[in-house]
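Colleague: this one's structure only:
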């Protein structure tokens, strides 16, 4: 008998878990070893059961899926986490990758191939839903293109400071700050301060108190 891929399902909706369990148990090489309805329970079961793959819902009550993923991988780095989400925004994808997830797929995809995705992450591959991947590459590359100084200026723009105030704080001329502001907007493809602030917060480029 070939050894089966062991899977822990984490979702706060029992109906969703039941559906996913059915999908995975139809696969001859997989075994669902446990189910959790929240982040704390997921961490506890991952420690006890040592599954090869954790199928993790992103939005859990209390501790979210990103936090739970970090905790699980701290204790068991060899476990692969496949993140399931309703969100296509690049921020979520980036945070999932930073938390250590090997994959990110959309829950509402009509053609959700859960078995195939589980198989890939179990083999050490990464899996990203094509819908989110294209957007992430675009926005991720744009965000990564900002220099540390531009990120500093961006933080102050989000804090509501004027060019003059930013110039004083960073010991620059107001003209230099204006150039930084223009560069940031060009790099991110955004041309209004209000939109810039919203994007910076959503994309996790700045700290919000």
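Modeller: On my side now, so go ahead. This one's a predicted model, so the numbers in the text were calculated from it and none came from an experiment. Numbering: from 1, shown residues only.
Colleague: tell me which residues touch the residue nearest to residue 66 when sequence neighbours are not counted, please.
Modeller: The spatial neighbour of residue 66 that comes closest, neighbours along the chain excluded (CB to CB, 6 or more residues apart in numbering), is residue 99 at 4.6 Å. Using the backbone N, CA and C atoms, a C-beta is placed for each residue, glycine as well. By CB atoms under 8 Å, 6 or more residues apart in numbering, residue 99 lies in contact with 66-67, 69-70, 73, 81.
Colleague: neighbour count added to those, as JSON lines?
Modeller: Shown next, in JSON lines, are those (neighbours: other CB atoms under 10 Å):
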{"residue": "66", "neighbour count": "22"}
{"residue": "67", "neighbour count": "15"}
{"residue": "69", "neighbour count": "29"}
{"residue": "70", "neighbour count": "16"}
{"residue": "73", "neighbour count": "19"}
{"residue": "81", "neighbour count": "29"}
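Colleague: closest one of the residues you listed to residue 163?
Modeller: Nearest to residue 163 among the contacts of residue 99: residue 66, at 35.2 Å, using CB to CB.
Colleague: just checking, next helix/strand downstream of the helix or strand where that closest one lies?
Modeller: If you go by DSSP states H and E, residue 66 is part of helix 65-75. Next helix or strand after helix 65-75 toward the C-terminus (DSSP H and E): strand 80-85.
Colleague: next secondary structure after that following strand?
Modeller: According to DSSP H and E, the helix or strand after strand 80-85 is helix 90-99.
Colleague: so who does residue 38 touch?
Modeller: 12, 60-63 are the contacts of residue 38 under CB under 8 Å, 6+ apart.
Colleague: those residues in helices, which ones?
Modeller: Using DSSP state H, no member of these falls within helices.
Colleague: which of those residues count as buried?
Modeller: By neighbour count, with 16 or more other CB atoms under 10 Å, the contacts of residue 38 hold 12, 60, 63 as buried.
Colleague: next, format those as TSV and append pLDDT.
Modeller: Formatted as TSV, these follow (pLDDT from 0 to 100):
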residue	pLDDT
12	92
60	88
63	89
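Colleague: out of these, who's nearest residue 121?
Modeller: residue 60 (19.1 Å).
Colleague: just the helices in this protein please.
Modeller: 14-25, 39-49, 65-75, 90-99, 114-122, 130-144, 148-158, 163-170, 174-188, 193-202.
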